[in-house]
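*Asks:* Here is my input; please provide its structure:
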Amino acid sequence: MNYGNVRSRIAKTAQCSPGNVVVKAGEITPSVDMSNRMVYGWATREIKDQENEVVVADGLDLTTYFPAKVKSVYFNHDIEEEPVGTARRCYRKGDGLYLATHILPTAFGNDLLIMVQHGAVGHYSIGGVVLDASPPNPDEMSKFGIDTELMLRRVMLREVSLVAMPCLPDAALEGIAPDYDKSYAKIDELLTKGLIRRKSAILAGLLDADRTIYSTGIEFGNDDDCGIRFG
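*Replies:* Got it, this is the predicted structure:
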């Protein structure tokens, strides 16, 4: 069996060396309880993501920072802004991490609940610090695919966000199928109907008439940033 380019995997391991911050988003859609302002869903699962990486669920450190000491939930990993919610429950479930979030009663929080309810924002995403990562062994490559490049074996969970664009194919909020074009069309529809504010629509990634992403103040790094979003 051809296990691919080992050298490239070793190089990627160096990028994701201990201490590097990672962010990974998923596509397992959350469900929403509007009356109680609660959003439920998978934060991450042990499945190969779009970067050909796998987060080992048992290796997630949930005691050093989030959720043991800090329970704030953000939007699009923008930790410079106020949190959008609070993690009420965060626990391992099967091969992943499950989260129940109470959305704060703010103007954006109200819009966020509507966007989740209509499937415009449909994913959780986690950010953390890599403590241990290495290329997959033959058994792991057999399980996750020969194109699997890296196993994130230990990650200190630092924060969780609700996002519109995930990178893990199985970490979305319950009941919402991942579809970017439909998500943005739905955001546009909610804005047109006056159900959400324009500021909220832009923060969620609404495109203008020229199909250009509005400036949101969010900067995206290159591969060397070793960014990982869990969903």
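
*Asks:* Quick check: which ranges of the protein have low pLDDT?
*Replies:* Along the chain, segments meeting pLDDT under 70 span 1-21, 24-28, 165-181, 207-231.

*Asks:* Strands of that one, residue ranges please.
*Replies:* In order along the chain, the chain carries the following strands (DSSP state E): 21-28, 31-33, 38-45, 53-55, 60-61, 72-75, 85-93, 96-103, 123-134, 150-163, 168-172, 229-230.

*Asks:* Could I get the buried residue list for stretch 125-133?
*Replies:* Under the neighbour-count criterion of 16 or more other C-beta atoms under 10 Å, stretch 125-133 has 125-131, 133 buried. The way it works is simple: take the backbone N, C-alpha and C, and place the C-beta from them, glycine included.

*Asks:* Give me the packing partners of the longest helix anywhere in the chain, helices and strands only.
*Replies:* When secondary structure is assigned using DSSP state H, the longest helix within the chain turns out to be helix 180-192. Packing contacts for helix 180-192, counted by 3 or more C-beta pairs under 8 Å, 6 or more residues apart in numbering; DSSP states H and E, involve helix 107-117, helix 198-203.

*Asks:* quick check: angle from that helix to strand 123-134?
*Replies:* Using axes from the mean of the first three to the mean of the last three C-alpha atoms, to 10 degrees, the direction of helix 180-192 lies 140 degrees away from that of strand 123-134.

*Asks:* Export helix 180-192 to CSV, keeping only CA atoms.
*Replies:* Backbone C-alpha positions of helix 180-192 (Å, rounded to 0.1, in the frame of the first residue of the first chain) are rendered in CSV as follows:
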residue,chain,number,x,y,z
TYR,A,180,-22.2,27.2,1.7
ASP,A,181,-24.1,28.6,-1.3
LYS,A,182,-27.4,27.9,0.4
SER,A,183,-26.1,29.3,3.7
TYR,A,184,-25.2,32.6,2.1
ALA,A,185,-28.5,32.7,0.1
LYS,A,186,-30.4,32.1,3.4
ILE,A,187,-28.5,35.0,5.1
ASP,A,188,-29.4,37.3,2.2
GLU,A,189,-33.0,36.1,2.4
LEU,A,190,-33.1,36.8,6.2
LEU,A,191,-31.7,40.2,5.7
THR,A,192,-34.1,41.1,2.8
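
*Asks:* So which residues make contact with that helix?
*Replies:* Contacts with helix 180-192, where a contact means C-beta atoms under 8 Å, 6 or more residues apart in numbering, come from 114-115, 118-122, 164-165, 196-198, 201, 204-207.
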